[in-house]
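Undergrad: Below are the sequence and a predicted model; questions follow.
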Amino acid sequence: MSVIIEQRPPIPPCKNWLCSNPGVKKCTRCRYARYCSRECQLEHFKEHKSYCKKLAVPENIVRLHHANHMKEEGSTLMKSGRLDEAIYKQREALHIFRELLGENDTHTAFTCGDMGDALRQKDKYEEALVEFRKVLDIYRKVFGENHILAANTYDNIGHVLLAQGRVDDSLIGYGKALSIRINLFGENHEDTAQSYMFLGGVLSKKKQNKEALEKLC
């Protein structure tokens with residue numbers, strides 16, 4: 001006798017971005033935001049209240065789901081190298097996120113980050129920097145300076161600056177990422193090791209550039 005196992009979708013995570021627990025309770029007004037506890041709901045209330053009323057409108061929930069779908073489509077297109085199409089999808093999603101959730105929501109940050117990555121791959125470095133700096137500004141407002149997402153974004157800024165040949169400027173970005181990781185994880189952690197690897201690569205490149213210039217002179 002076969003047993004049919006009911007497949008249920010996973011519970012979305014708590015909307016408080018500092019928490020990773022399942023969001024088992026819904027906001028009673030908008031029915032969209034989910035939290036693991038009343039404590040997390042209260043902690044996130046300052047951010048949530050700015051758009052809760054908008055999300056209480058069913059049409060806006062539909063639009064928000066559409067934006068999430070477009071963002072995922074953009075990520076898939078980017079992985080397959082279809083960068084122009086990816087950027088188009090991401091811009092459409094970003095417009096809705098900004099309208100419904102605001103400029104300082106993490107959905108906005110994630111989408112700006114995806115756009116920055118696509119623009120970097122197209123060698124549009126100045127445009128990519130604009131997007132990554134928007135991401136950094138949001139993360140610093142929401143989480144503070146000492147957060148892994150801020151560290152990751154400093155790395156992304158460093159990557160773009162290095163691709164532009166701005167070696168000294170890239171060192172500043174990588175150095176800030178390293179400082180955050182040491183504060184969060186200590187010296188003996190794989191994330192910290194990654195930061196040292198980035199810095200080592202840049203310093204090696206800087207030494208090679210110096211030696212090449214000396215030979216030319």
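TA: That came through fine.

Undergrad: ok, residues contacting the host helix or strand of Ala128?
TA: Applying DSSP states H and E as the criterion places Ala128 in helix 125-142. Defining contact as CB atoms under 8 Å, 6 or more residues apart in numbering, one finds that helix 125-142 is touched by 17, 47, 103-106, 108-109, 112-113, 115-117, 119-120, 147, 149-150, 153-154, 156-157, 160-161, 163-164. Backbone N, C-alpha and C define where each C-beta goes, glycine included.

Undergrad: Same question for stretch 176-195.
TA: Residues from elsewhere that reach stretch 176-195, judged by CB under 8 Å, 6+ apart: 145-148, 150-152, 154-155, 158, 174, 196, 198-199.

Undergrad: ok, of those residues, which one's closest to Ala67?
TA: Of all the contacts of stretch 176-195, the one with the least separation from Ala67 (CB to CB) is Asn152, at 22.6 Å.

Undergrad: Identify the residue nearest the closest one in space, chain neighbours excluded?
TA: By the measure of CB to CB, 6 or more residues apart in numbering, the closest residue to Asn152 outside its immediate chain neighbours is Ala177, 7.3 Å from it.

Undergrad: Mind jotting down where the helices sit in this structure?
TA: Using DSSP state H, the helices of the chain run over residues 38-48, 52-55, 58-79, 83-101, 106-121, 125-142, 148-163, 167-185, 190-216.

Undergrad: Quick one: buried ones out of the contacts of helix 125-142?
TA: The neighbour-count test (16 or more other CB atoms under 10 Å) applied to these identifies 17, 47, 105-106, 108-109, 112-113, 115-117, 119-120, 147, 149-150, 153-154, 156-157, 160-161 as buried.

Undergrad: remind me which residues of the chain are low pLDDT?
TA: 1-10, 208-217 (pLDDT under 70).

Undergrad: what's the neighbour count on Thr192?
TA: Applying other CB atoms under 10 Å, we find 20 residues neighbouring Thr192.

Undergrad: how much space is there between it and Glu145?
TA: 17 Å (CB to CB, to the nearest Å).
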